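Colleague: Sharing a sequence plus its predicted fold:
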Amino acid sequence: MAKPYDATVKQLVNAYPLDWIRSFGLPFADEVEVVDADLSTISTQADRVFHIKAPVPWVMHLELQAQYDAGLLRRVLRYNVLLSERFNQLPVLSTLVLLHRDADAADLARPLECLLPDGSRYLEFRCKVVRIWEQPVESILQGGIGILPLAPLAALAGTDVSSVIQAMKQRIDLEVARPYAATLWASTYVLMGLRYTAEVSDKLLEGVIDMSESSTYQAILNKGRDIGKLEGLREALIRLGQKHLGTPDAQMLARVQALADVGQLEEFIDHVHAAESWDELLR
């Protein structure tokens with residue numbers, strides 16, 4: 001999935017993991033740990049991985065796609081097997097979230113079958129496929145706040161997209177603090193680029209948010225140019241911090257994900273080696 005959409009959705013998933021798991025994984029997920037998805041054995045990276053700490057624990061692998069990839073199913077199978085090994089044979093649910101029709105393909109409608117020369121099947125792999133444009137817009141609007149920016153990409157079924165934006169605004173104004181609201185609207189703007197022109201997106205969001213209200217709006221809503229850089233710096237900070245300070249707890253991770261200033265993130269990265277704890281670094 002190409003930037004800026006990948007950075008945008010990964011940021012949403014990091015900030016609201018349970019919303020994504022309950023919507024596109026299994027609805028009864030409770031305590032969840034966002035896992036570093038680096039699969040160093042194959043020098044690649046799955047989009048997002050979650051360890052669900054339930055009475056019967058399991059792992060969810062979320063793969064986000066906005067464009068066609070001929071080798072997608074085999075790549076997801078590879079991630080699935082490696083993740084099961086990494087987590088001591090726990091069951092792994094791989095979910096493909098397709099953000100645009102260009103990412104769809106006929107082979108995604110059926111299991112991946114691996115055959116021997118005589119035609120006999122020696123392996124069958126199934127994953128869950130979610131096509132955002134087929135999801136009823138009401139289910140997105142009524143779901144977790146972390147999937148709300150997907151609403152303009154959902155199946156509108158005759159619903160005017162401007163009324164969808166207004167419904168989003170009602171929830172965001174009521175439920176979300178200002179810094180997080182900025183991130184949700186920024187993500188909405190970037191994701192709308194998958195279906196609408198910049199001119200249409202500008203018009204739809206005009207008057208819904210105050211573009212002068214926050215530096216975050218100014219920096220990120222300018223056609224999403226900075227969102228990829230912010231996400232990259234957050235990931236770099238987390239990776240460096242893990243090496244020198246250990247894995248951050250949920251509170252520290254939330255604080256990192258809330259950072260929206262490039263200069264501040266770069267300063268934290270420069271000081272990782274001098275800090276003795278995550279709290280000291282972020283303070």
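Modeller: Arrived safely, thanks for sending.
Colleague: Just give me the neighbour total for the closest residue to Arg126 other than its chain neighbours.
Modeller: Excluding its sequence neighbours, the residue lying closest to Arg126 (Cβ to Cβ, 6 or more residues apart in numbering) is Pro111, at 4.6 Å. Glycine gets a C-beta too; all of them are placed from N, C-alpha and C. Neighbour count of Pro111, defined by other Cβ atoms under 10 Å: 12.
Colleague: Which residue ranges of the stretch 101-250 of the chain form strands?
Modeller: With strands called from DSSP state E, counting those that start in this stretch, the stretch 101-250 of the chain shows them at 112-115, 121-125, 128-131.
Colleague: and the second one, what does it pack onto?
Modeller: Just to be clear, that refers to strand 121-125. Helices and strands touching strand 121-125, by 3 or more Cβ pairs under 8 Å, 6 or more residues apart in numbering; DSSP states H and E, are helix 72-86, strand 112-115.
Colleague: List the contacts of the first one.
Modeller: By that I understand helix 72-86. Residues outside helix 72-86 that contact it (Cβ atoms under 8 Å, 6 or more residues apart in numbering): 39, 41-42, 46, 49, 59, 61, 63, 65, 69, 90-92, 94, 96, 105, 107-108, 112, 125, 127.
Colleague: quick check: angle from the helix or strand following that helix to strand 121-125?
Modeller: Downstream of helix 72-86, the next assigned helix or strand under DSSP states H and E is strand 92-98. Angle of strand 92-98 versus strand 121-125, following axes from the mean of the first three to the mean of the last three Cα atoms, to 10 degrees, is 70 degrees.
Colleague: what's the spacing between strand 92-98 and its chain's center?
Modeller: 12 Å (Cα atoms, centre = their mean, to the nearest Å).
Colleague: need the longest helix for the chain.
Modeller: helix 227-245 (DSSP state H).
Colleague: Give me the contacts around that helix.
Modeller: 3-4, 7-8, 10-11, 14, 36, 186-187, 190, 220, 248, 253, 256-257, 259-260, 262, 265-266, 268-269, 272-273, 275-278, 281.
Colleague: Could you tell me which of these belong to helices?
Modeller: 7-8, 10-11, 14, 186-187, 190, 220, 253, 256-257, 262, 265-266, 268-269, 278, 281.
Colleague: Please consider this matter closed, and thank you.
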